[in-house]
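Trainee: quick one: sequence and predicted model below, then my questions.
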Amino acid sequence: MVAGCPAMVIFLLAGHVRAQAQDSDARARQIVTQMTLDEKVSQMHGTKTKQIVRVVLGIPRLGIPDLLVTNGPAGFGPAGPGHSGKATALPAPIALAATWDLGAAREYGVITAREAADCGNTFLEAPDINIARVPQCGRTFEAYGEDPYLAGRLAVANITGIQSQGIIANVKHYAGNNQEANRKWVNDAIDERTLREIYLPAFEASVKEGHAESVMAAYNQVNGAYCSENDILLKQILKKEWGFQGFITSDFGAVHSTSGPVLNGLDLEMPDGKWLGDPLKAAILAGKVPVGVIDEHLIRRFRTMMDAGVWDHLPAQKPIPAEKNGAIACRLAKEGMVLLRNEDAFLPLKAKALKTVALIGPYAMQASTGGGGSSHVTPAYTVPPLEGLQDLLGRGVSITLNNGGNIAAAAALARRADVAIVMVGNQSKEGRDISLALGDAQDALVMAVAGANRRTVVVVKSGGPVLMPWIDRVPAVLEAWYPGEEDGNAVAAILFGDVNPSAKLPITFPASVGDVPAHTVAQYPGTGAPGHTVAHYSEGVLVGYRWYDAEDIDPLFPFGYGLSYTTFAYKNLKLSSRTLSRFSPLRVGFDITNTGKAIGAEIAQVYVGIPSHPGVNQPPRQLKGFARVSLAPGQTVHASVALNTRAFAYWDTGAHAWKVAPGDYPIYVGASSRDLRLEGRITVKEGLEQGP
């Protein structure tokens, strides 16, 4: 029951929603009956010319509006002429994932969608929720890390934020788009259990809980069929099993034929009609595609646009609130930065103790506003590192800037300073993968500066994990990701303690490239001639921390890890039951105390050890819940995390369904996947079936 909302009111509201859906369906069907064949075909694809892009042109005589498309997983990005512009460059989505904050994820979606609407758009290609199977992937920065549960929770919150602004969210890239190498043709060979447990759960949550109004089919193939015409993915799972009521678009240029996509579930080709334009009309006239199938595709999209409110009321264009949203971007950037190393409490730096600061490195020269490719945001403004530090420290502290191009000169500058801040990183982008090693002699730069001044802080601005051969040479390391337009202010606030870092890694940082799960050529980038490459997902469900734990490999920094300027203690684990019921969740309760001297936030993580049984090997632990709590010094908070039956389930390939096996299930609570403070146990006496 909702507080203050009587049951009768809830019933009437539910009835109103059902009636509205029925009305829009009937209205959409009526419009389709009035369309000519040419008009129907015109609505199955976008239009791309020198003057027009990112739009599905409407039909004025029938009142069908344009569908105006923009990209947006990292903020309002590329859009069509007359509907684009400068926007708030938010911190990268991987930084959002590091907050483990569902409120922040929703706020991120609200800002992005609102700014898209302010420029007159109606459809937002976001969020990107592909799992970081390969940390070298050029789009790791654009999504939410390596764990399907965390990605799903963030996706639901982000989609809710987007669609609260009357904009259609387009969750992507469905499915298995986990590398940029050979992305337009690579065939992902993924077994059924791995697909269901790792690569589909975030999409399932997006549809069932986030109520995403559209889904984007990926470039790649999954088990021999391109995603844009994959019957199992599009029709059998997404539309039939999950009950998806929205519409499916292709990624740009991801369609490879005419009949296959249309008959297997694709509703819209983007960005043009290469396959679903004139070739589709020919296929219909030849009897290869029933016109009734086309009607159903159009009804889906028209109905969704009506329900979303973008059919009758296009957004009015107006200036974005740059200053207001910039302040939120700054707060989100601070919340997403992960303190990786802080020996002898070196950080926070004390401004009053400094007279000179050496600011060094290629990523100290300008704000790192985001990765490259279709998610690029043209920032409304930027705050470079020097500006942010100088504003915080005032003119009484001298800051000398050096790009690190001459390592000897940089080391000499560091030697004369009270503290050296070295900013290194990489520039991830769509279309290519990257090395985990820092390029441009940045490792040598860090070692030289650290050798010249033992008071050296390294700030890493990267789109994902990087190798750190110098880690033992420096007392402090901060992973800032791509902080967005407020880079300078956000980094300065963390380094000097205006904000206590609270973020935790959503992805494992390996100690060496050979330690990663997909470490063979057959796994990544795959084998076979161009156009026929196969990536073998032979690691199965052992993705990310699951692999490191199962193989007993020590990472550089584990999943869920992050330091604070205070400390936290965990006590008093209480489980609501010692057995599992399909009808009521298991409640995991525990106390967290701030045992330090600073206000801080802790992200407590709950892991379940699902027992292995013949033919079904399990990793030691899997994330199934988390709680983010803010605490004053000395304060204790009782946290409670609910685990439903799905948290204990595995995918049974024989039954093609979720099942819970009988056995003992350890429950772990801790500060990271490798820092487990509390342990309990429940028993399942009889197996439980969950259904698909």
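Mentor: In hand now; what should we look at? Numbering: from 1, shown residues only.
Trainee: for stretch 557-570, measure first residue to last.
Mentor: From its first residue to its last, stretch 557-570 covers 21 Å (Cα to Cα, to the nearest Å).
Trainee: for that stretch, buried residues please.
Mentor: Neighbour counts using 16 or more other Cβ atoms under 10 Å place 557-568, 570 of stretch 557-570 among the buried residues. All C-beta atoms are positioned from the backbone trio N, CA, C, and that covers glycine.
Trainee: want to throw the residues you listed into JSON lines with distance to Val513, secondary structure and pLDDT?
Mentor: Listed next are the buried residues of stretch 557-570 as JSON lines, based on distance: Cβ to Cβ, whole Å; DSSP: H, G, I helix; E, B strand; the rest coil; pLDDT from 0 to 100:
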{"residue": "Phe557", "distance to Val513": "15", "secondary structure": "strand", "pLDDT": "98"}
{"residue": "Pro558", "distance to Val513": "17", "secondary structure": "coil", "pLDDT": "98"}
{"residue": "Phe559", "distance to Val513": "17", "secondary structure": "coil", "pLDDT": "98"}
{"residue": "Gly560", "distance to Val513": "22", "secondary structure": "coil", "pLDDT": "98"}
{"residue": "Tyr561", "distance to Val513": "19", "secondary structure": "coil", "pLDDT": "98"}
{"residue": "Gly562", "distance to Val513": "23", "secondary structure": "coil", "pLDDT": "98"}
{"residue": "Leu563", "distance to Val513": "25", "secondary structure": "strand", "pLDDT": "98"}
{"residue": "Ser564", "distance to Val513": "29", "secondary structure": "coil", "pLDDT": "98"}
{"residue": "Tyr565", "distance to Val513": "32", "secondary structure": "coil", "pLDDT": "98"}
{"residue": "Thr566", "distance to Val513": "34", "secondary structure": "coil", "pLDDT": "98"}
{"residue": "Thr567", "distance to Val513": "33", "secondary structure": "coil", "pLDDT": "98"}
{"residue": "Phe568", "distance to Val513": "33", "secondary structure": "strand", "pLDDT": "98"}
{"residue": "Tyr570", "distance to Val513": "34", "secondary structure": "strand", "pLDDT": "98"}
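Trainee: list just the nearest of those residues to Thr258.
Mentor: Taking Cβ to Cβ as the measure, Thr258 lies nearest Phe559 of the buried residues of stretch 557-570, at 43.3 Å.
Trainee: residues in contact with that closest one?
Mentor: Under the criterion of Cβ atoms under 8 Å, 6 or more residues apart in numbering, the neighbours of Phe559 are 145-147, 505-508, 544-545, 548, 623, 672-673.
Trainee: make a markdown table out of the residues you listed and add pLDDT.
Mentor: Output for the contacts of Phe559, formatted as a markdown table (pLDDT from 0 to 100):
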| residue | pLDDT |
| --- | --- |
| Gly145 | 98 |
| Glu146 | 98 |
| Asp147 | 98 |
| Leu505 | 98 |
| Pro506 | 98 |
| Ile507 | 98 |
| Thr508 | 98 |
| Gly544 | 98 |
| Tyr545 | 98 |
| Tyr548 | 98 |
| Leu623 | 98 |
| Ser672 | 98 |
| Ser673 | 98 |
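Trainee: tell me the buried residues within the residues you listed.
Mentor: 145-147, 505-508, 544-545, 548, 623, 672-673.
Trainee: residues in contact with the host helix or strand of Gly680?
Mentor: Gly680 belongs to strand 675-684 when elements are defined using DSSP states H and E. Residues from elsewhere that reach strand 675-684, judged by Cβ under 8 Å, 6+ apart: 558, 560-561, 569-571, 573, 575, 577-580, 586, 588, 590, 607, 621, 648, 660-671.
Trainee: just the buried members of these?
Mentor: The buried subset of the contacts of strand 675-684 - by 16+ other Cβ under 10 Å - is 558, 560-561, 570, 573, 575, 580, 586, 588, 590, 607, 621, 648, 660-661, 663, 665-671.
Trainee: among those residues, which ones are in strands?
Mentor: Applying DSSP state E to those, the entries found in strands are 570, 573, 575, 586, 588, 590, 607, 660, 663, 665-671.
Trainee: nearest to Val422, of those residues?
Mentor: Minimum distance to Val422 across these is 27.4 Å, recorded for Ala671 (Cβ to Cβ).
Trainee: how many residues are close by the closest residue to Val606 other than its chain neighbours?
Mentor: Nearest residue to Val606, sequence neighbours excluded (Cβ to Cβ, 6 or more residues apart in numbering): Gly625, at 3.8 Å. By other Cβ atoms under 10 Å, 23 other residues sit near Gly625.
Trainee: tell me the residue furthest from the middle of this protein?
Mentor: Using Cα atoms, centre = their mean, the residue of the chain lying farthest from its centre is Ala286. It sits 43.0 Å away.
Trainee: mind checking the SS state of the residue nearest to Val606?
Mentor: Classification of Gly625 using DSSP: H, G, I helix; E, B strand; the rest coil returns strand.
Trainee: so it makes contact with Ala642?
Mentor: Yes - using Cβ atoms under 8 Å, Gly625 is in contact with Ala642, at 7.1 Å.
Trainee: what's the overlap in contacts for these two?
Mentor: Both Gly625 and Ala642 are contacted by Val588, under the criterion Cβ under 8 Å, 6+ apart.
Trainee: related to what we said a few turns ago, so which bits of the strand holding Gly680 are buried?
Mentor: Going by neighbour count (16+ other Cβ under 10 Å), the buried part of strand 675-684 is Leu676, Arg677, Leu678, Gly680, Ile682, Val684.
Trainee: what do you get for stretch 650-661?
Mentor: Neighbour-count burial for stretch 650-661 flags Tyr650, Trp651, Asp652, Trp658, Lys659, Val660, Ala661 (criterion: 16+ other Cβ under 10 Å).
Trainee: distance to Tyr363 added to those residues, as a markdown table?
Mentor: Formatted as a markdown table, those follow (distance: Cβ to Cβ, whole Å):
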| residue | distance to Tyr363 |
| --- | --- |
| Tyr650 | 42 |
| Trp651 | 42 |
| Asp652 | 48 |
| Trp658 | 44 |
| Lys659 | 48 |
| Val660 | 47 |
| Ala661 | 48 |
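Trainee: follow-up on the earlier one: roughly how far does the residue nearest to Val606 sit from Val338?
Mentor: Taking Cβ to Cβ, to the nearest Å as the measure, Gly625 falls 20 Å from Val338.
Trainee: cool, Ala598 as well?
Mentor: From Ala598 across to Val338, the span is 17 Å (Cβ to Cβ).
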